[in-house]
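> My questions are about this predicted structure, shown below with the sequence.
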Amino acid sequence: MIYTAVTGAAGRMGAAIINALAGNTQIQLSGALERDDSPVLGKDAGEIAGTEKTGIKITNDRIKAFKKAEVIIDFSTPDVTMRTLEEAVELKKAVVIGTTGFSLHQRDLIKELSHKTRVVMAPNMSIGVNLLLKLVADAASVIGHEYDIEIIEAHHRHKKDAPSGTAIRIAEVIATTLNRDLEKVAVYERKGIVGERRPEEIGIQSIRAGDIVGDHTIIFGGIGERIELTHKASSRDTFAMGAVKAAIWVVNKPNGLYDMQDVLGLKG
């Protein structure tokens, strides 16, 4: 049995992950962490998540939450995740990171710290999105130089970062496939008289509305036709199940930085 701790245990993703862990024969919840002012401290993590009781009380004590765990699943904020990762290195724990919105400096630090422990980091843990990344790379390699490329992402009104981490990852995959510098070709907004579209542009546009869980569409627009690849998430359960799969996979891997493409065997 693999033991895991979950940060942000009372949040939307934390609850979904705890539900995904319930009844799993390979992995079990061993710690549940919440912020110091959380009103659910001391309550059973399973009960708060809406599933059966786990016997694991939600705590704000990071050492207590992480003590028994072999792997920590973290969907929180960049600053909290960085602290979790630093503690995981000290405690020799593996980490699954689903947090988005990291700065370039933080991303570089994550790469550096991954030399000292096992890390799976992906902006989207769903199987469907990671298959989409492979399809996008294949499409870009065949038609990307001749077709205009636009990415449109939509999420709920409470999402704090934009574009989504998934949209950025899609753009990175396309840019790498086409040997483009994303920092130079990404276009995040168009307003007013912006001039004719440059052929090398990769457009990334964001929508925030209602309770949209997560939609991503990639448009390859040519003359006389267009190809659209779309993934729509209707539940956070798909992300939670992917995170649990990643946690089981990464525990016995060598130190290093992995992503869901590695977990799902979609590389190479």
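That came in fine, so what should we check first?
> So what touches the lengthiest helix in the chain?
Criterion DSSP state H: the longest helix present in the chain is helix 127-143. The contact list for helix 127-143 (C-beta atoms under 8 Å, 6 or more residues apart in numbering) reads 122, 124, 149, 166, 169-170, 173-174, 177-178, 216, 218, 220, 222, 227, 229, 231, 233, 238, 242, 260-261, 264, 266. Just so you know, the C-beta spots here come from the backbone N, C-alpha and C atoms, and that holds for glycine as well.
> can you do 6 Å?
With contacts defined as C-beta atoms under 6 Å, 6 or more residues apart in numbering, helix 127-143 is touched by 170, 173-174, 177-178, 218, 220, 229, 231, 260-261, 264, 266.
> Which one (most neighbours) among these?
Ile170 (30 neighbours; other C-beta atoms under 10 Å).
> Check the gap between that one and Ile223 for me.
Distance of Ile170 to Ile223, given as C-beta to C-beta, to the nearest Å: 23 Å.
> now Arg107
Relative to Ile223, Arg107 is positioned 37 Å away (C-beta to C-beta).
> for this structure, what spans make up the strands?
2-7, 27-33, 58-59, 71-74, 94-97, 118-121, 148-155, 186-187, 202-208, 214-221, 226-233, 256-258 (DSSP state E).
> Which strands border the last one, and is each parallel or antiparallel?
Each strand that pairs with strand 256-258, with its direction, by DSSP bridges: strand 118-121 (parallel).
> Give me the contact list for the strand it pairs with.
By C-beta under 6 Å, 6+ apart, the residues outside strand 118-121 that reach it are 94-97, 246, 250, 253, 255, 257-258.
> Quick check on the residues you listed: which are buried?
Applying 16 or more other C-beta atoms under 10 Å to those, the neighbour count classes 94-97, 246, 250, 257-258 as buried.
> then stretch 63-71 to CSV, C-alphas only?
Taking Å, rounded to 0.1, in the frame of the first residue of the first chain, the C-alpha atoms of stretch 63-71 are listed here in CSV:
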residue,chain,number,x,y,z
ILE,A,63,5.0,17.7,9.6
LYS,A,64,2.1,15.7,10.9
ALA,A,65,0.3,15.7,7.6
PHE,A,66,3.4,14.6,5.6
LYS,A,67,5.0,12.2,8.2
LYS,A,68,3.6,8.9,7.0
ALA,A,69,3.2,9.8,3.3
GLU,A,70,5.4,8.5,0.6
VAL,A,71,4.0,10.9,-1.9
